[in-house]
Structures are given as C-alpha cells and as structure tokens.
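> Structure of the sequence below:
(one chain, ligands or ions: 1)
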Amino acid sequence: MTTLVLEQYWPLPLKGGGFIFKLMHWSNLCAGGVKEMKLNNLMRAAVCSAMVVSAGSANAADQVEVLHWWTSGGEAAALNVLKGDLESKGVKWADMPVAGGGGDAAMTALRARVTSGNAPTAAQMLGFDIKDWAQIDGAVGDLNAVANKEGWDKVVPTALQDFSKHNGKWIAAPVNVHSTNWVWINKKALDATGGKAPKTWGEMIKVMDAMKANGITPLAHGGQAWQDATLFDAVVLSLGNDFYQAAMIDHDPKALGGAKMKEAFDRMAKLRSYVDDNFSGRDWNLASAMVIEGKAGMQMMGDWAKGEFLKANQKPGEDFVCIRFPGTQGSVTFNSDQFVMFDVKGSSAKKSQLSMASSVMSPKFQSAFNVVKGSVPSRTDVPNTDFDACGKKGMADLAQAGANGGLFGSMAHGHAAPAAVKGAVYDVVTAHFNGQYNSAKAVKELVSAVAAAK
Ligand code: GAL
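As a prediction, this is how the structure comes out:
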C-alpha cells in the first residue's frame, strides 16, 4: 500500500495560533483514538475522509479497503475472522474504521470519500442506505459473476435480497442478520430479584423495580439517538405486529398519531426512569459492560451486544440471559450488515473484490463470523451446530417470524424507511426520551415530522 507521509500526522492547534503535528496514524484516529481532542463523530468522519488519501489503496491489486464501524471489542473480534479468511486467500485488508455505533458517522465519511473520487473497495451499510447508493450512476459494482456462479439467489432470503440487489444486479454481500428486539440480562442480578425472565411488560417492570431495590441500575443505556430508537423499535413491536407495520413501515398517520403511539411513548418514559444519570452520550458497548460487570441489570439492544458478553468470556444461561423484548416473542425486527461493493477500476482490484464477496457468502465463513458477532447467517442453509443457545434461538426465531408474517425491517437500523424518515423519527424519540416534551406532544410531533420527511 502506498501511504502518503501526511497521513501519519494530525495537526494540533496551538494557543497562540498555528498548528503542531502530532504523530498519529489515521487508523487510530478513525477508530476513535483521540478522545482528548473531543472530536465528535461527524468531525472525525470528515477528518478521516479528508486525511485517508492512501494513494490507490482502494484499487490496489491484491487488497481490499473496507470502510466500517466495527470498533468495539466484540465487533473487532468478528472482523478479525473476515480479515483472517481473506488473508488466507492472499487478499490483504486495508482497514478504514469510522467509530460510531449504528454507522451514521461512517456514512458521512463514505460520502466524502466517494465524492472526492476515492471510493473504498467495500463499505458496511444498512438497508435503505444501500438503495440510495444503488441509484447513483456508476457508483456501485456488479457481483453477478460470483453471485450467479454460487447461487446466492437460492439461499439468501428475499427480505435481504431486496436490499442487496438493484435492477437484478447483486451490488452487496449480506454478512449477517441481526435482530434488534433482544434484552440482555445479568443472570446474578436476575436471580437476585427472585423472578424469572420477564415475558410481559408488567413482569419486566417488576423485575426492574426489584433491581432498583437491590441497588443497581436496572437499565443500562447509552443516550444516543440510534440507541433510543433501538428501544423504540422494541416498544412499538411489543404493542403488536400490525401496529409496527402500520406505524414504522407504512407510516400511516392514524397509527403514528393514535392512542397506541401515546402508549409507546409512555412506555419509553417509563424505561427512561430506570436509566442512570450518566447515560447521555454513552457508547452502546459501555452500556453492555455495565451489565457484564453487574453494575446494571439489563440492556435492550440488538444481538451485536452478545459479541461483547462473549468477548468478556461470559456464557449464555450461566452469566447472562437472552430474551426477546417482553411481548415480542415470535416477531423479529431485523437489520443486515451488507458489504456494498464500489465500482473499483482495474481487473486485479475487481478480482480481489469478487474474492471478498465470495468469502463473505461462504457457508463456513458465515457460521464462523456470526458465532462471534452475535448475529445469525444471511443464508438459510448454514447449520446451527456451532452457535450457542442465544444464536440457536436467534436462528429459530428468525425462521418462525419469517414464516408467520412477524418479520419486519428495523426502523432504528435503516431497514424500515429511507434515511430522511428515520432521522425524523430519531429526532422525536430522542427529544421525548430526554424530557423535552410529554407523550401527547411526542405523538403530534411524530406525525408532522414523518409527513415532512416523506
Ligand atoms: C448496527 C450494526 C451492527 C453493530 C451495531 C453497533 O447498526 O448492524 O453490526 O455494528 O450497529 O455498532
């Protein structure tokens, strides 16, 4: 890889004006390594995209440059499975991490990269963002050669293909299926409540009250818009499949503005009362750590959280318990991380890209990767043998939900609505969660925000 010298330096402003340059590799910066500078994610994304000018790296013969937001311990462990797999095939990995759960900062960095004519080989992406990129003339690559040869059409569920293909052309390789309506509970903390894993909203409130009485934070949460929205996904789903479909997917003003939505916001306010005072801005994996360490009772989060528990050597059933958000057993809100392939130039670069796509889709890799990541395979023919109890449950729940009309794209994770609508929902949910207005006002705001964004 050709690396420009300037990439190694990071300018620090001096008090009297001017800059000094501190030695720092860009990958450290982009992975969130300069906390003391108080970079917010958007600033970091912009800086990273400007600074990462690895000459020709995206198109280098034997390597793939991959933009992603997998920077937590569990995520990095899963990514290492992919890096190792590719390296065993002689394809080098050039890492372009952009910290920030949910991927908003990564998408900002990606736009800047592509606009400056320096697209990576591949970028991690979710749902409707993929559809947006597919519309841009000449931006994305074509994986049909490998997809047809390997029969992806027959093994990838249509709910995922809907995002991976554009006008009959495979443009992305789905690496997993996550679901967002999970609760991760510290086993000791649950046992100390004397209760069983809650199945209903009422039972969950009782368990959280008991955890509070036992002196721990009942709900570990990070106050970031996408995390608030992840709770909201589950709360809306817990009020019924039809309600989730009408509100989050069809954006029916009656569902968005009705009594059930008021109840959803009331439930959000109730959940807010179980969160500790320092939740604002906390990263999701730090919230997972609170549960792992027993400082908090539970976290409501997608199954990437399981990757953190596994990384900490915890075992399902022994150290932690995984349940569906009470009232949502049988239904699943899903998202799928896909590697969107960009239109790289040169036959060697294309060859490496296809090799990466083929690796991502191999059944053996899908098992090895998803066992570590916490998600389940994106193809239906991968055996569940190597998965732990939560993984096996995840696979069974997904199949059941798919067969019974209970499978829905996650709003919080870009699979229910285009980015503008998602952003509008985020704004209202977060403002309400932070007490800026009550549930009745939130309902009204939601109706008008969604209408304006459509
Ligand atoms: C999700 C993504 C997961 C995980 C999570 C937290 O959107 O699908 O793979 O990375 O964000 O960053």
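> Only C-alpha atoms from now on, for both contacts and neighbour counts.
Noted.
> near the ligand, which residues of the stretch 101-250 of the chain show up?
Applying Cα under 6 Å from any ligand atom, one finds that the stretch 101-250 of the chain approaches the ligand through 101-102.
> Mind jotting down where the helices sit in the stretch 101-250 of the chain?
With DSSP state H, counting those that start in this stretch as the definition, the stretch 101-250 of the chain shows helices at residue ranges 104-115, 127-134, 144-150, 152-155, 158-164, 187-192, 201-213, 225-238, 241-244.
> most tightly surrounded among these?
Taking mean count of other Cα atoms under 10 Å as the contact definition, the stretch among the helices of the stretch 101-250 of the chain with the greatest mean neighbour count is helix 225-238, which reaches a mean of 24.
> Nearest to A259, out of the helices of the stretch 101-250 of the chain?
Among the helices of the stretch 101-250 of the chain, the nearest to A259 by Cα to Cα is helix 241-244 (11.1 Å).
> Check which element follows that closest one along the chain.
Tracing the chain C-terminally past helix 241-244 and defining elements by DSSP states H and E, one meets helix 253-256 next.
> For the helices of the stretch 101-250 of the chain, give me CSV that also has distance to A368 and mean pLDDT.
Converted to CSV, the helices of the stretch 101-250 of the chain look like this (distance: least, Cα to Cα, whole Å; pLDDT from 0 to 100):
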stretch, distance to A368, mean pLDDT
helix 104-115, 25, 96
helix 127-134, 23, 98
helix 144-150, 19, 98
helix 152-155, 18, 98
helix 158-164, 20, 97
helix 187-192, 26, 98
helix 201-213, 33, 98
helix 225-238, 26, 98
helix 241-244, 32, 98
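> Figure out which of the ones you listed is closest to P377.
Of these, the one closest to P377 (Cα to Cα) turns out to be helix 152-155, at 10.5 Å.
> chain center to the closest one, what's the gap?
A distance of 24 Å separates the centroid of the chain from that of helix 152-155, by Cα atoms, centre = their mean, to the nearest Å.
> Export only the CA atoms of it, formatted as CSV.
The C-alpha trace of helix 152-155 is given here as CSV (Å, rounded to 0.1, in the frame of the first residue of the first chain):
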residue,chain,number,x,y,z
TRP,A,152,-26.9,-16.7,-3.9
ASP,A,153,-30.5,-16.2,-5.2
LYS,A,154,-31.5,-19.6,-3.8
VAL,A,155,-30.0,-19.2,-0.3
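> The spatially closest residue to G195 that is not a sequence neighbour: what's it in contact with?
Spatial nearest neighbour of G195, excluding adjacent residues (Cα to Cα, 6 or more residues apart in numbering): V207 at 6.7 Å. Contacts here follow Cα atoms under 8 Å, 6 or more residues apart in numbering; on that basis V207 touches 190, 193, 195, 198.
> Farthest pair within those?
Checking these against each other with Cα to Cα, the farthest-apart pair comes out as T193 and P198, at 11.2 Å.
> For the stretch 251-400 of the chain, which segments count as strands?
Chain-ordered strands for the stretch 251-400 of the chain, with DSSP state E, counting those that start in this stretch as the definition, fall at 296-300, 320-324, 332-335, 337-341.
> low-confidence ranges in this protein?
Segments of the chain classed as low confidence (criterion: pLDDT under 70) are 1-61.
> tell me the domain ranges of it?
When the chain is parsed into structural domains using automatic domain parsing, the resulting residue ranges are 60-178+336-385, 180-334+390-453.
> Could you report the neighbour count for the residue lying closest to N438 once chain neighbours are set aside?
Across the structure, with Cα to Cα, 6+ apart as the measure, the residue nearest N438 apart from its sequence neighbours is H432 (6.4 Å). Under the neighbour criterion other Cα atoms under 10 Å, H432 is assigned a count of 24.
> can you check S280 too?
Neighbourhood size, S280 [other Cα under 10 Å]: 13.
> Distance of it relative to the ligand?
Here S280 is placed at a distance of 17 Å from the ligand (Cα to the nearest ligand atom, to the nearest Å).
> in the sheet, who's paired with that residue?
With DSSP bridges as the criterion, the beta-bridge partners of S280 are G223.
> Go ahead and confirm it touches G223.
Yes. In this structure, S280 is within contact of G223 by Cα atoms under 8 Å, at 4.2 Å.
> re the thing from before, what helix or strand is the residue nearest to N438 located in?
Following DSSP H and E, one finds H432 within helix 419-433.
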